[in-house]
Each structure stands twice: as structure tokens, then as C-alpha cells.
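Novice: what follows is a predicted structure for the sequence shown.
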Amino acid sequence: MTNEKGIIIAVIMAIVLLSTGAATAIISAFGSAFGWAFGGIMGVLIVLMIIFAGFNKR
């Protein structure tokens, strides 16, 4: 069970990082301010995901 959850979390993190990189590259064409704001939002979401995963392990 824990291994499966870990693999799922790892896959989700990889997809999030890849989509974040692509979206940031697209947004950077519009302006660095958008890129910084989007990066901050994604950072918060990733931290929340890590905290949520930590609670799930309990």
C-alpha cells in the first residue's frame, strides 16, 4: 500500500513538474511577473501536496 502511494505521488509530482516547466516557458513569453506569480502559486500547491501526503501516511 505505502509503495503504491509513493509511486503514485512520485508520478503526480513528475507530471506537475513537467507541466509547470511547460506552462512557465509559455507564460514567460507574456512576462516575467506572470512567471513569478505562477511559480509562487505552484510552489504553494506543491508544499500543500507534500503536507497532505504526510497526513495520509498517518
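Specialist: Perfect, I can see it now. Numbering: from 1, shown residues only.
Novice: mind checking which helix or strand S19 is in?
Specialist: In the assignment (DSSP states H and E), S19 maps to helix 2-30.
Novice: in terms of secondary structure, what does that helix contact?
Specialist: helix 32-57 (3 or more CB pairs under 8 Å, 6 or more residues apart in numbering; DSSP states H and E). Placement of C-beta: from N, CA and C, glycine included.
Novice: which intervals of the chain have sub-threshold pLDDT?
Specialist: Scanning the chain for pLDDT under 70 picks out the ranges 1-2, 27-35, 58.
Novice: so M42 makes contact with G21?
Specialist: No - applying CB atoms under 8 Å, one finds M42 not in contact with G21, separated by 10.0 Å.
Novice: between these two, which one's more packed in?
Specialist: M42 (16 against 10; other CB atoms under 10 Å).
Novice: now that one: how far from N56?
Specialist: Separation of M42 from N56 (CB to CB, to the nearest Å) stands at 21 Å.
Novice: what's the answer for L48, then?
Specialist: 12 Å.
Novice: now G40
Specialist: From G40 to N56 the distance is 25 Å (CB to CB).
Novice: how about A25?
Specialist: Taking CB to CB, one finds A25 at 32 Å from N56.
Novice: then V11?
Specialist: As judged by CB to CB, V11 and N56 stand 15 Å apart.
Novice: ok, W36 next?
Specialist: Taking CB to CB as the measure, W36 falls 30 Å from N56.
Novice: surely F38 touches A22?
Specialist: No - the pair F38 / A22 is not scored as a contact, 11.5 Å apart, by CB under 8 Å.
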